[in-house]
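Chemist: here is my input; please provide its structure:
(2 chains)
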Amino acid sequence: MVLAGYQPDVYAYNVLVNGLSNFGKINVAIGLLKGMVQRGCEPNAVTYNIIMDALCKDKLVVEALHLFSQMRIKGISPDVITYNSLIHGLCKLGKRNQVLALLNEMVGHNISPNVYTFSVLIDSLCKEGMVSEAQNTFKIMIQRGVEPDVVTYTSLIGGLCISDLWKEAMALLKEMVGKNISPNVFTFNILIDTLCKNGKVSYAQRIIKIMIQGGVEPDVVIYNSVMDGYCLHNQIDKARKVFELMVTNDIFDVFSYNFLINGYCKCKRIDEAKELFDEMPQKVLVPDTVTCNIITFATLLYGLCKEGDLDEVLTLFKAMEKIFRDMEEGGCLPDGYCYNVIIQGFLRHGYLPKASELIDEMVEKGFCADDNTTELVVHLLRNDDPILRILQNHFEAPKGVNFK
DNA sequence: CTAGGGTTAG
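Modeler: This next block holds a predicted model:
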């Protein structure tokens, strides 16, 4: 464009700056910001907003604030988007005082906080567990004539759920529906999952009905939550019924299997857990879920270890080792959780050499013993087991424990 | 051309 003798205007530059920022090339975008001035094109608020927002999303709020002062020196007025980006960035860093200062500043410049501003504030308060403050902010917003939308409601409902205030969350759902603000599948899922975890599966079923009436179809996540809700509250057979319904409708995934396997392991119905595990390859074991397969192995082994069926554990572990090697090529390895669970199984049942060998392997791969593993080793050490000296090097002594 | 939320597991 330049070679052909055309001068890009500020819109053209902004498109480029935006593209570069979206691809993480913020430094190149900043270079362009300087370059455009040299070529006689003045940046506008949008140019600065794009770069400042990208910086804030990279937690580089200090750099964003530097640009903020530069734009004002140039006489370019910040707008509500400028402030929202900065406030969002500062909220994520927990800089409450600076957030309040900016809010005051924007109001002082006659820039009113809008639904984005309030949503950011409410979401941030919710995530910090300050739900009542979030509720207050919500009230203030309405008082000031700023209408909450689906984003604001979803954030606040999520916050209430985190604090187990599901009755308040339900009330809020009703309120938004009454205002003709349609909840989406995420709004429903957050609520349904909380209800299920609290053992209120029948409430959850009611919400699912409301949801279907509202034209939102339950997805696999919803069914999984309901199933896990039953598992968590010792109603494995109800969970099984949901699962079978899911399989019939072809709505299931690795999560579904993992929940149910976990449920069976927890109520010691290991045979059924193993049966489910065995049928997975025909149904869901596709390459992009290999990580989840590991989790499933761990879950299954956890159940077997607790049962003390060590022969079976060893058989499975050998099968697993083979799969691990196959996975290595795909870059998918067992994680620390997996190692710890298996090691604990061996420790509990006296297979100390195998435990030692696995700890070596785990440490070699950069994973650490977790609290449970450490506790088991310490317990065995207190009983003065000589074999455990082999293990000592792998653990730092917790306070008050002397390995020697 | 620019800003907010987003759900399930060991």
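Chemist: buried stuff in the host helix or strand of A:Leu381?
Modeler: A:Leu381 belongs to helix A:371-382 when elements are defined using DSSP states H and E. Neighbour counts over helix A:371-382 (16 or more other Cβ atoms under 10 Å) mark A:373-374, A:376-377, A:380-381 as buried. (C-beta placed from N, C-alpha, C; glycine too.)
Chemist: redo these as JSON lines? Include distance to DNA strand B.
Modeler: Formatted as JSON lines, the buried residues of helix A:371-382 follow (distance: Cβ to the nearest atom of the strand, whole Å):
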{"residue": "A:Thr373", "distance to DNA strand B": "14"}
{"residue": "A:Thr374", "distance to DNA strand B": "18"}
{"residue": "A:Leu376", "distance to DNA strand B": "16"}
{"residue": "A:Val377", "distance to DNA strand B": "20"}
{"residue": "A:Leu380", "distance to DNA strand B": "22"}
{"residue": "A:Leu381", "distance to DNA strand B": "26"}
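Chemist: picking up where we left off before, who does the helix holding A:Leu381 touch, helix- and strand-wise?
Modeler: Under the contact definition 3 or more Cβ pairs under 8 Å, 6 or more residues apart in numbering; DSSP states H and E, helix A:371-382 sits against helix A:336-348.
Chemist: check which element follows the helix it packs on along the chain.
Modeler: For helix A:336-348, the following helix or strand on the C-terminal side (DSSP H and E) is helix A:352-364.
Chemist: helix A:336-348 and that next one, what's the angle between them?
Modeler: Orientation check (axes from the mean of the first three to the mean of the last three Cα atoms, to 10 degrees): helix A:352-364 against helix A:336-348 gives 160 degrees.
Chemist: hmm, back to that, mind putting the buried residues of helix A:371-382 in CSV, pLDDT included?
Modeler: Below are those laid out as CSV (pLDDT from 0 to 100):
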residue, pLDDT
A:Thr373, 88
A:Thr374, 87
A:Leu376, 86
A:Val377, 83
A:Leu380, 79
A:Leu381, 76
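Chemist: now the two most distant members of the residues you listed.
Modeler: Taking Cβ to Cβ as the measure, these span a maximum distance of 12.6 Å, between A:Thr373 and A:Leu381.
Chemist: follow-up on the earlier one: from the chain's centroid, how far away is the helix holding A:Leu381?
Modeler: Its chain's C-alpha centre and that of helix A:371-382 lie 31 Å apart, by Cα atoms, centre = their mean, to the nearest Å.
Chemist: what separation do you get for A:Leu65 and A:Val107?
Modeler: As for A:Leu65, its distance to A:Val107 is 18 Å (criterion: Cβ to Cβ, to the nearest Å).
Chemist: hmm, I typed the wrong one, I wanted A:Ile140.
Modeler: On the measure of Cβ to Cβ, A:Ile140 and A:Val107 end up 12 Å apart.
Chemist: need the residues touching each of the two.
Modeler: Residues touching both A:Ile140 and A:Val107 (Cβ atoms under 8 Å, 6 or more residues apart in numbering): there are none.
Chemist: anything in stretch A:233-246 near DNA strand B?
Modeler: No: judged by Cβ under 7 Å from any atom of the strand, stretch A:233-246 stays clear of DNA strand B, getting no closer than 10.8 Å.
Chemist: buried set for that stretch?
Modeler: So stretch A:233-246, judged by 16+ other Cβ under 10 Å, has buried residues A:233, A:235-236, A:238-240, A:242-243, A:246.
Chemist: between those residues, which is nearest A:Leu103?
Modeler: For those, the closest approach to A:Leu103 (Cβ to Cβ) belongs to A:His233, at 43.7 Å.
Chemist: right, and that closest one touches A:Lys197 too?
Modeler: No: counting by Cβ atoms under 8 Å, A:His233 stays clear of A:Lys197, with 9.1 Å between them.
Chemist: residue contacts, the residue nearest to the spatial centre of chain A?
Modeler: Central residue of chain A (Cα atoms, centre = their mean): A:Lys127, 12.1 Å from the mean position. Residues in contact with A:Lys127 (Cβ under 8 Å, 6+ apart) are A:159, A:162.
Chemist: from A:Glu128, how far out is A:Ile30?
Modeler: 31 Å.
Chemist: ditto for A:Val120
Modeler: For A:Val120, the distance to A:Glu128 - Cβ to Cβ - is 13 Å.
Chemist: more neighbours: these two, which one.
Modeler: Comparing A:Val120 with A:Glu128 by other Cβ atoms under 10 Å, the one with more neighbours is A:Val120, at 23 against 14.
Chemist: what sits against that one?
Modeler: Taking Cβ under 8 Å, 6+ apart as the definition, contacts of A:Val120 comprise A:84, A:87-88, A:91.
Chemist: pick the one among the residues you listed closest to DNA strand B.
Modeler: A:Asn84 (3.7 Å; Cβ to the nearest atom of the strand).
Chemist: please enumerate the helices of the stretch 51-200 of chain A.
Modeler: With DSSP state H, counting those that start in this stretch as the criterion, the stretch 51-200 of chain A has helices at A:61-73, A:80-92, A:96-108, A:115-127, A:131-143, A:150-162, A:166-178, A:185-197.
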